[in-house]
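Undergrad: Structure for the following, please:
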Amino acid sequence: MGKLLLLFVVGFIGLSLRYLFLGKFEMDQLLLLMGFPVAAVLMLWLMKWQHKKDRAFQPEVDDGRMVTRLGDRVSAAPKRVFDGQKLLGEYKRVYHSRWKRVFADIMDTPGKWFLNLAFSSEDGHDIVLKGKNENSLRGANEWLIFSNNDEVGSIKMDYSVKNVAKLKESLYLNYHDHTYHYQSFGIGSKTVIHRDNPKIGEGKRAEVGNLIYELDVDDTYKEEDDVLFMGFVLFNYHFSQ
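TA: Numbering: from 1, shown residues only. Now for the predicted structure:
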């Protein structure tokens with residue numbers, strides 16, 4: 001939506017300058033330009049529809065996995081997380097300034113810009129993923145993890161040459177003296193989580209093309225599954241999975 005409005009403003013300025021300096025004006029160009037705000041209104045309606053779908057999401061079956069619906073990736077509207085069919089809580093995107101939300105909407109990869117996430121569980125446990133150096137021109141590549149306002153860990157993207165060459169997407173989540181490695185091979189691929197060396201979890205879209213994401217974590221690590229799930233959500237935001 002923001003990108004369409006930006007194109008309208010730039011195009012309108014261009015038409016105005018063309019008329020002022022060259023004395024040329026073409027109605028068909030103006031009519032074409034007016035299509036951008038109309039399309040922006042349609043995009044706004046679609047976004048609000050996605051808000052409602054995310055907010056009202058309820059798993060149809062209980063397969064024992066953590067699931068969420070991630071349709072809208074730009075707004076700060078809340079989304080629900082379930083373990084099977086049990087509601088665990090809600091998470092949302094957090095912006096520290098209104099202009100950052102507008103800027104993220106304009107960019108091709110909104111998940112990489114000014115990304116902060118806040119999770120509130122039904123039992124009162126709060127988790128915040130706060131970006132470090134989020135004003136960088138490249139967007140944040142590191143985050144701090146806060147649990148009930150106490151700093152308990154960090155997240156860092158892995159943009160090593162080896163991963164880039166093999167089209168791998170990778171991040172490391174450090175939490176309570178343990179390191180968890182998230183890795184995927186691109187859009188639509190499974191996201192595998194390792195701790196040290198063993199595989200402890202796997203996340204994916206429930207079906208190709210839909211907006212429901214699920215994460216299956218080994219029972220041994222269930223006490224950490226809320227943090228691991230938020231790492232999985234951030235992974236999908238950042239890499240546009």
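Undergrad: where's the residue lying closest to residue 181 once chain neighbours are set aside relative to residue 168, distance?
TA: In space, and not counting its chain neighbours, residue 181 is closest to residue 194: 4.6 Å by Cβ to Cβ, 6 or more residues apart in numbering. Where C-beta positions appear, they are placed from N, C-alpha and C, glycine not excepted. When distance is defined by Cβ to Cβ, to the nearest Å, residue 194 is 13 Å away from residue 168.
Undergrad: now do residue 221
TA: Residue 221 is 23 Å from residue 168, by Cβ to Cβ.
Undergrad: what do you get for residue 115?
TA: 20 Å.
Undergrad: neighbour count winner among those two?
TA: residue 115 (23 against 15; other Cβ atoms under 10 Å).
Undergrad: That one is in contact with residue 131, isn't it?
TA: Yes. Applying Cβ atoms under 8 Å, one finds residue 115 in contact with residue 131, separated by 5.8 Å.
Undergrad: could you pull out the helices for this protein?
TA: Shown for the chain, the helices assigned by DSSP state H span residues 2-22, 27-55, 98-106, 161-165, 225-238.
Undergrad: Now do the nearest residue to residue 154 once chain neighbours are set aside, the pLDDT please.
TA: Spatial nearest neighbour of residue 154, excluding adjacent residues (Cβ to Cβ, 6+ apart): residue 174 at 5.0 Å. According to the prediction, residue 174 has pLDDT 95.
Undergrad: what's near enough to touch residue 174?
TA: By Cβ atoms under 8 Å, 6 or more residues apart in numbering, residue 174 lies in contact with 153-156, 180.
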